[in-house]
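> missing the sequence, but the structure's below:
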């Protein structure tokens, strides 16, 4: 069984900050520390896109639109993944999903809504 549960979304004004959290559980995550974990997002009418990913080595990868504003981190002992989002813009509005990356079959949670609006 695979379970990824996101939290921390909400409504925020432009320029504001949010911190998303993701808790991983299930047999797939028995070796959580070696997995590449990621955050994705899907805006209305658009395809899901990779926002940020973090390898066990500490190597990160960000989509250009969030570089310098978002930071992905993880706590392997707690099997948690985080996304700190600063200087939020209306175009960051989307459902944000925690998931795996670089696997033959990747997994995602149910998502958490982030709305950036004044």
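It's in. Model, not experiment: these values are computed from the prediction.

> CA atoms for contacts and neighbours, from now on please.
Noted.

> which non-adjacent residue is nearest the residue sitting nearest the centre point of the chain?
With distances taken as Cα atoms, centre = their mean, the chain has residue 39 as the residue nearest its mean C-alpha position (2.4 Å). Sequence neighbours aside, residue 98 is the residue nearest to residue 39 in space, at 4.6 Å (criterion: Cα to Cα, 6 or more residues apart in numbering).

> how many other residues sit next to the one you found?
By other Cα atoms under 10 Å, 33 other residues sit near residue 98.

> now for the helix or strand encompassing it, which elements pack on it?
Assigned by DSSP states H and E, residue 98 belongs to strand 94-101. Packing partners of strand 94-101 (3 or more Cα pairs under 8 Å, 6 or more residues apart in numbering; DSSP states H and E): strand 2-7, strand 36-42, strand 112-116.

> distance from the shortest one to the middle of the chain?
When you say that, I think you mean strand 112-116. Between the centre of strand 112-116 and the centre of its host chain there is 12 Å, according to Cα atoms, centre = their mean, to the nearest Å.

> verify the stated contact: residue 116 with residue 89.
Yes: Residue 116 lies in contact with residue 89 (Cα atoms under 8 Å); the separation is 6.1 Å.

> which residues do these two both contact?
Residues touching both residue 116 and residue 89 (Cα atoms under 8 Å, 6 or more residues apart in numbering): residue 14.

> and the helices and strands packed on strand 94-101 as CSV, adding mean pLDDT and distance to residue 24?
CSV is the format used below for these (pLDDT from 0 to 100; distance: least, Cα to Cα, whole Å):
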stretch, mean pLDDT, distance to residue 24
strand 2-7, 94, 5
strand 36-42, 97, 10
strand 112-116, 98, 15
